[in-house]
Every structure is written in structure tokens, then in C-alpha cells.
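Participant: Test case, fold it:
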Amino acid sequence: MSRGNGLGTTVNPPPVLPDAADDDVTISTAIVDHFFSQNSFMNASKHVQSIREHFDAVPDSAKFFVTMSSSGCNSTADGTSNLLRRKFVQYTWIKGGDLFLDPFPPKILSPPSTTYSGKGCQRRVGPGLIEEIFDVGSIVVRGSDDVSVNELQVTTDSYDYSYIRYRVLNPSLLRYPVYFHEGCVIFSRTGKKCLWAVQWEPFAGLQWYVKGLTSIVIKNLIRNFQANVSVTGIQKEGYGGNDQPQNQQKETVLEYDPATKSMKLLDTITKSTSLRILALHGKGGSGSSFYQHLSPLLEQLSGNKVEIASTNNTISVHCDCPTAPFPEGKWWEQRPPGSRSYNAESYEGYEKAMDMVRSTLSLEAGNNYDVLLGHSQGAILIASMLANKDLTDANTPPMIILNGVAWPNPFGHQLKELKFSHSNGVKCTKVRVLFLMGECDQINPIQGAVQVRDCLQNSGFEVSTIVHSGGHSLPTKNEMVAKSIINWMMSSSK
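Facilitator: Numbering: from 1, shown residues only. Below you'll find the model as predicted:
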């Protein structure tokens, strides 16, 4: 595979693409052939069955684009194919697409890295069948102009496509009698001649049953998707004109050459340069005062550049700082009175504080945070939630930062015994934790932070530590420490 300045190299002169709508059929079919050819198990099988359904995702183009325009969305800038894919992920995949065979919405087992792309999302449907979106991306067609990249998508003056690929993880005789099942949905730039393709190998003697069931399901979901798009457009479902994806999300970009009918990797682009932080203040503080304290760090972070293909884009930072629910800026009251967090017998009000944080982080609220940061009692609250498994895969950002944390004594036993072999709790392989420790911390001595860190490390978390010469406060004005924090964040989000 050849490359040139991150975008690949052109070997043959670019051909002229036909204007006929049938070209979408030809290209989408070639894309599916390319993807399915990568499945070695499928290629080795002699009993593969398939279904390929071409469909117009936008039955009424005029009405569709009016809907987009009225919601403040530029169809050219945002990319119709990408917007249709997002709509498909939200409506068909996450909400179930109103499938008549299964009146209940799917159970989301592992939420997507962002709802913007859907990648990594696992769901349980019907009789316990688990499906996963394992690849998402964009495809450009080599045309008369060079490929260009902007901060949201890859574009050309000809055609572009967007796709998701999914698979069944647990087929069985009672759930879905196949040995394997892989599907691909491709959306065109015009919304016309999109393609839903599936291939599988059925159990012996059940070929017609599997093919009939699969065909009915796909045709029903396509029909419902078309109806939903024609009524609501593609700026509903939380994707308004000003709604940007929340996470840094890597996405595959491929180029299709009509002349050779070949596909090659262009690059992996970052679909967003926004970073969303939820920050919890310490005892005696408030959301507004903590935000002011964080301002120097946020300003430095906002000034950073990240590389997107061959261009650089400034990071957009959004930080939410809620105020603790109890008087005097407390997340709870220690009991007995006068005790400290590291020797208290109980935290009176912990459940209220925990519910407040968990509801803010919840997927249903539409808040896809990248970083959960806690200072002092706010950090102890996060450690307590981890110990009690009140943080789960569904509501935990991929990065956690704990500054001035102390031993959460009422939940010390749970923290020491913390293991993530159970179905609940955070999968430690998905979350990275950074500890900030001041050598001169007289409020929460560094030994308590080390104890918390060791417990998380022993349970399987990937932890990092920054020890500085300061005290208890978050060292936002220490340029070297701030730079180390930023470097850790950027390395974690790539």
C-alpha cells in the first residue's frame, strides 16, 4: 500500500465518473465485495448465503434537504452519507428501528465510543442475540480533483460514501442458527441507491429458514428507516446543526478507484477535535470557583493542536463543573462529626452525590464526556464510586484524573477487594487513571493517594502518576505539571 503525505498516492490518471444513479449501485457493490473478501472464514466456506438490498434512504430528496436546511445544517459541509449513518446508528441500531418482530428496544451492552459513529456498540436483541458494530468509515471515489480533508470529513467533488460493518457474536441453534453472520450498510452522498448487504453460513438444513428470516428483518428495517427519515429528516435524534460529536473518534477512510475497481486505505482521520470534561470540586468549593481555578489548564489545552490527516486543528474544550449538593460545598457529611474522609465511619449523603454525578454522566442525557476529573473530596467521591461499582461501562469516560485524593475509608474494604471479573462495574481496560500528588499536601497526605492508586492498579486499571512539589491544590499554574497533564490526556484520547 503506497502513501503520500498521509493521504496515499495517485498512480493512474483519475477517470471521469458517470452521472447516472446506477453508478452508486456499481460502487457500493464493489465496496461490499471488498469488505466481505477480508473475511477468511467466509471465503473458506462453501455454503455461504447472502442478501443485498439496494434502497433509497431519502425517498423524497426535496423534502429531505429542506428539513436539513431549516435545522441550520449545511448538507455539503456535514456530508449526507455521514448524517444518514448517524441516523441509522441512533434509530435502527440503538433504538431498534421499530422492528415488528421485537417490540422492545435493544439492550445496549457496550455503548459506542461515541454515538456519532457507533463504533464498538454492542447490543442484545430478540432471544439474547448479541451484535456489534466493529468498523465505521468513509469512502471517497477518485474523481477529477484531488482528495481534500477538512475537520469533519473527507470530501471530493464527485461521490462519497459512509458505512458501518457489524457482526453477530453469539450465534446458536436457538438464537440464530448460523456459524457466522456479517453485515454492511453503505450510504451514498445523495442518499439514493444505498446498500444493506449480509452474508452468513447457516446450519445444515436451515438454509431457507435463515434466509427468509434475515430477508424479512432487513426489508422491514429498511422500510422503517426510510419512513423515519422522510418524516424527521436527519437532524433529529440529537444531531442538530450545532451538535458536534463529543469524543475524539478515529475513523477509517478508504478510496475507491472506478478504473481498476480497487480499494486502498487513505488514512485514519479524527472525526472531532472537541474534549468534554466533567470536573468535581473539593469540600468548601463550588462549581464556578473550581472552573476559575481550572481556567489556566483549560486555556493551555484549548491552544493545543492535534493532527487530522494532513491538517492541524485546535482542540475545542468544554468543561462542566457542578456544585456539590450539600451546604458549604460538601459532597457528604463525615460521620462521626469531626472525622476526616480517610478515617470516617460513613459518608452521610453519599448516595445523593453519587446519583447526581451518575445522572450527569448517563448516556441517556446525551453527555459523552471524555474526562472525569476530581479534586480532594470530589476525587474521593470518584474513588468511592469505583469501589462500589457505581461507575459502569455505560457512564464512565475513558479518562479519570484524581488530584489530592484520600483513602475512602467507609468503602476501603470494597476498594481493596475490587476486581472487574463481574458483569457490573467498569471494564478497567477501557479506562485510564491519572493521579496527581503533591509532596507537600498537608490536607490529604500523599500516602492515601498511593494506597488508592495501588488498589486500582492491582485491579487492572492502567494508572499513571504525576508527583509535584506543591501542596493540595490542583497545580494548574505550574507550567511543567500542566503540560504533563495535557500530554497524558492527548495520548489517552488518540
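
Participant: Using PDB, write out every CA atom in the longest strand along the chain.
Facilitator: Determined from DSSP state E, the single longest strand within the chain is strand 129-141. Provided in PDB are the C-alpha atoms of strand 129-141 (Å, rounded to 0.1, in the frame of the first residue of the first chain):
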ATOM      1  CA  LEU A 129     -28.600 -12.400  20.200                       C
ATOM      2  CA  ILE A 130     -25.600 -10.100  20.600                       C
ATOM      3  CA  GLU A 131     -24.500  -7.900  17.700                       C
ATOM      4  CA  GLU A 132     -21.500  -5.500  17.500                       C
ATOM      5  CA  ILE A 133     -20.600  -2.600  15.200                       C
ATOM      6  CA  PHE A 134     -16.900  -3.300  14.600                       C
ATOM      7  CA  ASP A 135     -16.000  -0.900  11.900                       C
ATOM      8  CA  VAL A 136     -17.200   2.500  10.600                       C
ATOM      9  CA  GLY A 137     -15.700   4.800   8.000                       C
ATOM     10  CA  SER A 138     -15.900   7.000   4.900                       C
ATOM     11  CA  ILE A 139     -15.100   6.200   1.300                       C
ATOM     12  CA  VAL A 140     -14.200   8.700  -1.400                       C
ATOM     13  CA  VAL A 141     -14.300   8.000  -5.100                       C
END
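
Participant: Give the other helices and strands that that strand contacts.
Facilitator: helix 80-87, strand 122-125, strand 154-155, strand 160-168, strand 250-257 (3 or more Cβ pairs under 8 Å, 6 or more residues apart in numbering; DSSP states H and E). Where C-beta positions appear, they are placed from N, C-alpha and C, glycine not excepted.

Participant: Next, the angle helix 80-87 makes with that strand.
Facilitator: Interaxial angle, strand 129-141 versus helix 80-87 (axes from the mean of the first three to the mean of the last three Cα atoms, to 10 degrees): 170 degrees.

Participant: Give the partner strands of strand 129-141 in its sheet and their orientations.
Facilitator: Applying DSSP bridges to the sheet, strand 129-141 is found paired with strand 122-125 (antiparallel), strand 160-168 (antiparallel), strand 250-257 (parallel).

Participant: Same question for it: list its buried residues.
Facilitator: By neighbour count with 16 or more other Cβ atoms under 10 Å, strand 129-141 contains the buried residues 129, 130, 131, 132, 133, 135, 136, 137, 138, 139, 140, 141.

Participant: Residue 55: which of the residues you listed is nearest?
Facilitator: For the buried residues of strand 129-141, the residue nearest residue 55 by Cβ to Cβ is residue 139; the value is 17.8 Å.

Participant: Hmm, the closest one is touching residue 34, no?
Facilitator: No: with contacts counted by Cβ atoms under 8 Å, residue 139 stays clear of residue 34, the gap being 9.5 Å.

Participant: Now render the helices and strands packed on strand 129-141 as a markdown table, adding mean pLDDT and distance to residue 328.
Facilitator: Formatted as a markdown table, these follow (pLDDT from 0 to 100; distance: least, Cβ to Cβ, whole Å):
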| stretch | mean pLDDT | distance to residue 328 |
| --- | --- | --- |
| helix 80-87 | 84 | 44 |
| strand 122-125 | 86 | 43 |
| strand 154-155 | 33 | 52 |
| strand 160-168 | 87 | 49 |
| strand 250-257 | 64 | 44 |
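
Participant: I'd like those as JSON lines, with distance to residue 188 appended.
Facilitator: Output for the helices and strands packed on strand 129-141, formatted as JSON lines (distance: least, Cβ to Cβ, whole Å):
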{"stretch": "helix 80-87", "distance to residue 188": "6"}
{"stretch": "strand 122-125", "distance to residue 188": "25"}
{"stretch": "strand 154-155", "distance to residue 188": "14"}
{"stretch": "strand 160-168", "distance to residue 188": "6"}
{"stretch": "strand 250-257", "distance to residue 188": "12"}
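
Participant: Redo these as TSV? Include mean neighbour count and distance to residue 194.
Facilitator: Shown next, in TSV, are these (neighbours: other Cβ atoms under 10 Å; distance: least, Cβ to Cβ, whole Å):
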stretch	mean neighbour count	distance to residue 194
helix 80-87	24	7
strand 122-125	19	21
strand 154-155	21	18
strand 160-168	23	9
strand 250-257	19	15
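
Participant: For the stretch 101-250 of the chain, give me the ranges with low pLDDT.
Facilitator: Applying pLDDT under 70 to the stretch 101-250 of the chain flags residues 101-104, 111-117, 142-159, 234-250.

Participant: In it, what residue spans correspond to helices?
Facilitator: Listed in chain order, the helices of the stretch 101-250 of the chain (DSSP state H, counting those that start in this stretch) span 207-232.

Participant: that older thread, turn the strands paired with strand 129-141 into TSV, including distance to residue 471.
Facilitator: What follows is those, written out as TSV (distance: least, Cβ to Cβ, whole Å):
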stretch	distance to residue 471
strand 122-125	44
strand 160-168	50
strand 250-257	38
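
Participant: The ones you listed: which one's closest to residue 416?
Facilitator: Proximity to residue 416 (Cβ to Cβ) singles out strand 122-125 among the strands paired with strand 129-141, at 30.6 Å.

Participant: Go ahead and measure how far that closest one is from the middle of the chain.
Facilitator: From the chain centre to the centre of strand 122-125 is a distance of 16 Å (Cα atoms, centre = their mean, to the nearest Å).

Participant: do stretch 176-192 as well
Facilitator: With Cα atoms, centre = their mean as the basis, stretch 176-192 stands 20 Å off its chain's centre.

Participant: buried residues in that stretch?
Facilitator: By 16+ other Cβ under 10 Å, the buried positions in stretch 176-192 come out as 176-178, 180-192.

Participant: and of the strands paired with strand 129-141, who's closest to residue 223?
Facilitator: Nearest of the strands paired with strand 129-141 (Cβ to Cβ): strand 122-125, 17.8 Å.

Participant: What lies in contact with the closest one?
Facilitator: With contacts defined as Cβ atoms under 8 Å, 6 or more residues apart in numbering, strand 122-125 is touched by 93-94, 96, 102, 106-110, 130-132, 169.

Participant: can we see that at 6 Å?
Facilitator: Strand 122-125 has contacts (Cβ atoms under 6 Å, 6 or more residues apart in numbering) with 102, 106, 107, 108, 109, 110, 130, 131, 132.

Participant: Please apply the same query to stretch 91-99.
Facilitator: 105, 106, 221, 224, 225, 228.

Participant: Report the buried members of these.
Facilitator: 106, 221, 224, 225, 228.

Participant: which residues touch the first one?
Facilitator: Spelled out, that is residue 106. Counting by Cβ under 6 Å, 6+ apart, the residues that residue 106 touches are 96, 123, 125.

Participant: can you tell me which of the contacts of strand 122-125 lies nearest to residue 415?
Facilitator: residue 110 (24.6 Å).

Participant: Tally up the residues packed near residue 52, please.
Facilitator: By other Cβ atoms under 10 Å, 15 other residues sit near residue 52.

Participant: residue boundaries of the helices in the stretch 351-494 of the chain?
Facilitator: Under the criterion DSSP H, counting those that start in this stretch, the stretch 351-494 of the chain contains helices at 377-387, 412-416, 446-458, 479-493.

Participant: Out of those helices, which gets nearest to residue 297?
Facilitator: When those are compared by Cβ to Cβ, helix 479-493 sits nearest residue 297, at 5.3 Å.
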